[in-house]
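1. got a sequence here, can you model it:
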Amino acid sequence: MSDQTMPPRKGQDYEQVLDGSATEVAAFERRNETVLKRIQHILHNNPTLVPVVVLLISLLVFGLIAGGRFFSAFNLSLILQQVSIIGILAAAQSLIILTAGIDLSVAAIMVLMSVIMGNLAVFAGVPTFFAILAGLAGGVGAGLMNGWFITKVRLPPFITTLGTWSIFYALLLWLSGAQSIRGQDIDTNAPFLKFFGQSFDIAGARITLSSILMIVIFVVLWYMLNKTAWGRHVYAIGDDKEAADMSGIRTDRTLLSVYGVAGFVCALAGWASIGRVGSISPQSFYEGNLDSITAVVIGGISLFGGRGSILGALFGALIVGVFRSGLRLSGVDVLWQVFAIGWLIIIAVAIDQWIRRISA
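-> Have a look, this model is predicted:
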């Protein structure tokens, strides 16, 4: 008779025997795991590890290909500047995707709020501070509008935000008259709108306030998602909304707050974009929706919700920036830069699907 089937010895009960058997079986299974299976377990428990490794490899490869120009302090800080606005949008998009949703209107909200801020401050004579507050409040309102349709009318997030993207885009064209607000007009009437375009030099690197804003947003949202009950509820909803409902989580209220916070972050991106671009154009960041989703997917956040770290979206945005900068410095045509980013997206989704196949 094997040890697992023998009756308990003196001083033992059946639960201890069974527990010991289970431990031995688990240990046996771990010993017989393949290297690939162990990697799968590690990545399942640390989803941000994939984009971090990809980012480090990308830096190494492009550093070798492009030479010293790539690793110059100025070029690295330029990459940070270039991804700052899309990075902020990716932070907003991450919140939505963690709940197993998607938001196709983030860029439209961002540009619409920048147009509202510009029109009020430059043309309507409203004090710049109040114009910015109006834009930030408008961003929250736009996000809550998305959330209301999803939680109360029960529309799918994809369809809802596809519709509101068209609504917001039409509104920004109407408010702007399809005309840009020139940088000179902003400098004359409301220079504070360009606050996040200010920069300072450190050891050859030029750091803009928009880059700092992006990092601060990610740190704050990481804290909210990992150190508060609200964050745990967000992950629970993304993992299984019905189970979250049965556990007592007020899922509709949480979802509504997620879309409201995302709208606020989009409005912040709108304010930062004015300083980044130097003007306000209704046609700017037209591909921002797709770029934000790209950063989130490459950053290891699952499109099925409930898994991933919001910091992954930051690494995803940086990976895209590194690829574009490295390929440009290597003399690669823009067409092939887009080609490379497309493959990055496909590979990232494939890795996510592979990691999700692991047994719980």
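2. would you state the strands of the stretch 151-300 of the chain in chain order?
-> Assigned by DSSP state E, counting those that start in this stretch, the strands in the stretch 151-300 of the chain fall at 199-202, 205-208.
3. packing partners for the first one?
-> The criterion is 3 or more CB pairs under 8 Å, 6 or more residues apart in numbering; DSSP states H and E, and the helices and strands that strand 199-202 contacts are strand 205-208. The C-beta positions use only the backbone N, C-alpha and C, and glycine is treated the same way.
4. how far does the strand it packs on sit from its chain's centre?
-> 22 Å (CA atoms, centre = their mean, to the nearest Å).
5. give me the below-cutoff pLDDT ranges for this structure.
-> 1-33, 43-44, 356, 358-360 (pLDDT under 70).
6. one more pass at 80, please.
-> Residue ranges of the chain with pLDDT under 80: 1-48, 67-68, 348-349, 351-360.
7. tabulate the strands of the stretch 151-300 of the chain (TSV), appending mean neighbour count and distance to Leu172.
-> Listed next are the strands of the stretch 151-300 of the chain as TSV, based on neighbours: other CB atoms under 10 Å; distance: least, CB to CB, whole Å:
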stretch	mean neighbour count	distance to Leu172
strand 199-202	12	27
strand 205-208	17	24
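8. format the ones you listed as CSV; extra columns: distance to Gly300.
-> Formatted as CSV, the strands of the stretch 151-300 of the chain follow (distance: least, CB to CB, whole Å):
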stretch, distance to Gly300
strand 199-202, 30
strand 205-208, 26
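9. which of those strands sits closest to Phe158?
-> strand 205-208 (33.5 Å; CB to CB).
10. contacts for the closest one next, please.
-> 73-74, 76-78, 80-81, 84, 196-201, 275-276 (CB atoms under 8 Å, 6 or more residues apart in numbering).
11. now the helices for the stretch 51-200 of the chain?
-> 73-98, 106-118, 128-151, 157-176, 183-189 (DSSP state H, counting those that start in this stretch).
12. which one of the contacts of strand 205-208 has the most neighbours?
-> The most crowded member of these, judged by other CB atoms under 10 Å, is Ser84 (26 neighbours).
13. OK, contacts around it?
-> Thr208, Ser210, Ser211, Leu213, Met214, Ala272, Arg276.
14. show only the entries of those residues found in helices.
-> Ser210, Ser211, Leu213, Met214, Ala272, Arg276 (DSSP state H).
15. got the residues you listed as a markdown table, with distance to Gly305 columns?
-> Formatted as a markdown table, these follow (distance: CB to CB, whole Å):
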| residue | distance to Gly305 |
| --- | --- |
| Ser210 | 29 |
| Ser211 | 29 |
| Leu213 | 27 |
| Met214 | 23 |
| Ala272 | 27 |
| Arg276 | 30 |
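16. surely Leu162 meets Asp103?
-> No: with contact defined as CB atoms under 8 Å, Leu162 does not count as touching Asp103 (9.8 Å).
17. these two: which is more packed in?
-> Asp103 (33 against 15).
18. pop out the phi and psi values for that one.
-> Backbone geometry at Asp103, expressed as degrees, to the nearest 10, gives phi -130, psi 110.
19. for it, give me its contacts.
-> Contacts of Asp103 by CB under 8 Å, 6+ apart are Ala92, Gln93, Ile96, Asn146, Pro157, Thr161, Tyr259, Ala262, Asn289.
20. looking at those residues, which is nearest Leu49?
-> Distances from Leu49 to the contacts of Asp103, taken by CB to CB, are shortest for Gln93, at 20.9 Å.
21. contacts only, for the closest one.
-> Ile102, Asp103, Val106, Ala262, Ser292, Ile293, Ala295, Val296, Ala313.
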